[in-house]
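**Q** what follows is a predicted structure for the sequence shown.
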Amino acid sequence: THATESFMTENTSYYTTQYSSRNRDNSKNMVKIGEIVASRLNEAGIKTVHDKTLHDYPEYTGSYTRAAKTINDYLKKYPSIKVVLDLHRDAVTSGESDKVKLVSEIKGKKAAQVMLVMGSQTGTVTGHSKWQENLKLAFKVQQKLEQKYPTLARPLLLMSKLYNQNLSTGALLIEFATDANTLDEACYSAELVGTALAEVLKE
């Protein structure tokens, strides 16, 4: 949905106004992260389609509506699709302006922390009656990440939102890192998440 979300290119202790948190270069944004996750799934024998559409460019507003059309087109073209992944990059601040970098050391290497964000039919949200099915999958993924890579995953976040997860009973939204993390840290996390996802989907 927000494919242009990007990362720091260098591991520095400061963040300058010259840096942009969005990038249309697919080797530096969420398309790169999706490429890694898709590769891990395909290598595990789970046939995966990776869409590279920049739904948030040239306009950010309406990204989810445009992404919904793309998702529905794929579901019609490939009715056997069981899981729909929407990969994002988070942004966390401390106080008014300090950006927070979320990092964990996994097997001696820095990895950007990840978070599963799940929608639900609560409050004023309607049209998401099967959200519990998505949540069951999310719990399995969260548990697998905790087992394989402790401290990689932040607590699962349940929201009164759709996030297009009403289009599938196997929908997950995964936040990789923040805009203060490096691309290398996010790419390593993508490798780990891809491996964990493959194990869950093959169980």
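**A** Great, that's in hand. As the structure is a prediction and not an experimental result, all values here were calculated from the model. Numbering: from 1, shown residues only.
**Q** show me where the chain has helices.
**A** 30-43, 63-77, 131-148, 183-202 (DSSP state H).
**Q** nearest to Gly108, out of those helices?
**A** For those, the distance to Gly108 is smallest for helix 183-202, at 11.1 Å, taking CB to CB. All C-beta spots, glycine's among them, are computed from the backbone N, C-alpha and C.
**Q** may I see the buried residues of that closest one?
**A** 183-198, 201 (16 or more other CB atoms under 10 Å).
**Q** could you work out which of the helices of the chain reaches nearest to Lys52?
**A** Proximity to Lys52, assessed across the helices of the chain by CB to CB, is greatest for helix 30-43 (4.9 Å).
**Q** how far does that closest one sit from its chain's centre?
**A** The chain centroid and the centroid of helix 30-43 are separated by 11 Å under CA atoms, centre = their mean, to the nearest Å.
**Q** what's next to that helix, contact-wise?
**A** For helix 30-43, contacts defined as CB atoms under 8 Å, 6 or more residues apart in numbering pick out 2-6, 26, 48-52, 54, 85, 87-89, 176, 183, 186-187, 189-191, 193-195, 197-198, 201.
**Q** quick one: end-to-end length of stretch 101-117, please.
**A** Between the start and the finish of stretch 101-117 there is a gap of 18 Å, counting by CA to CA, to the nearest Å.
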